[in-house]
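>>> got a predicted structure here, sequence first:
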Amino acid sequence: MRGAPVCTEDCGSIRLPQPLRLAGALFKTAIVFEPIARASSGRLPMSPRSPRHLLAKTLTAAAAAYQAENIISHCPQCAKPCCRLDQLVLELDWKELKAIWQLKETRKEFDQRLAAGKGPKEIRAGNGLYYGHQKACPAFDEAHGSCKVYDQDIKPPGCSDFPVYENDGDLIADLRCEAVDLEVLTDWITRALGPGYRIVQSADEQFPFIVTLLVTRIAAAETSSRRNATKARVQRQ
Ligand code: SF4
Ligand code: SF4
């Protein structure tokens, strides 16, 4: 979310995002508060004008609009704010960590302190990044249920995407956010895409609260289906 209290971000899947696996190893519990969109999907890069790129842009805008309309307004009264980081893991780069945790030392000094076991217990380092978990984010204003660095550059990207974000031409919804309503979200995306698309929900096997809304062009799906039917007929002959 981005409005008042923020909490936005994400996790992984079969295309298990690197951060998700890493966080699992680091914390043995929750998944990363970071969009899988950052992770490599193994697909080729999209051309800026390709249909897939345009679809991704539409989904990104629709996800942001859905959050603005349906999530952000709920944050101040949320029963389990994601910014407490009890369920989620917040991924940060050094600049974000330094600003939000108000660290005064250099990165090298902080890393040495962390390695010596004298750093903040809620922070782990890995893969050139830092992960906060099991203690509320210092930028979280518990009294108002809001983010103190909302609209600032230092707010980690994951915070802006959670709990709904585009990933490789599909949409991911994180049901750990109590404000997400899959039915409303699916209707929202259907309207945003217009006719010609089919949306199918698919929960992650390992993390069932991560649901992918798989987006398919109906024409393409029907063509593929006709091809398969033709193949089946040929095989039977
Ligand atoms: S879990 Fe959802 S509703 Fe609750 S604070 Fe986070 S984004 Fe807002
Ligand atoms: S920076 Fe902290 S308080 Fe702000 S949205 Fe992210 S996790 Fe929540």
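Done, it's in. Ligands and ions are numbered 1, 2, ... in the order given.

>>> switch to C-alpha atoms for all contacts and neighbour counts from now on
Noted.

>>> for the protein, which segments count as strands?
Using DSSP state E, the strands of the chain run over 32-33, 89-92, 123-126, 129-132, 140-141, 146-147, 164-167, 170-174, 197-203, 210-217.

>>> next, the buried residues of the fourth one.
What it means is strand 129-132. 130-132 (16 or more other CA atoms under 10 Å).

>>> could you dump those to CSV with pLDDT?
As requested, these are exported to CSV (pLDDT from 0 to 100):
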residue, pLDDT
Tyr130, 97
Tyr131, 97
Gly132, 97
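
>>> which one of the strands of the chain is the most hemmed in?
strand 32-33 (a mean of 32; mean count of other CA atoms under 10 Å).

>>> I'd like the mean pLDDT over it, please.
Across strand 32-33, pLDDT averages out at 56.

>>> same question for stretch 91-102.
97.

>>> start and end of that stretch, how far apart?
With CA to CA, to the nearest Å as the measure, stretch 91-102 spans 16 Å from end to end.

>>> same question, stretch 153-164
End-to-end for stretch 153-164, by CA to CA: 20 Å.

>>> can you tell me the average pLDDT over it?
In this model, stretch 153-164 has a mean pLDDT of 94.

>>> same question, stretch 193-208
Stretch 193-208 shows a mean pLDDT of 94.

>>> which residues does stretch 120-139 contact?
The contact list for stretch 120-139, computed with CA atoms under 8 Å, 6 or more residues apart in numbering, reads 22-23, 26-27, 83-94, 97, 100-101, 114, 147-149.
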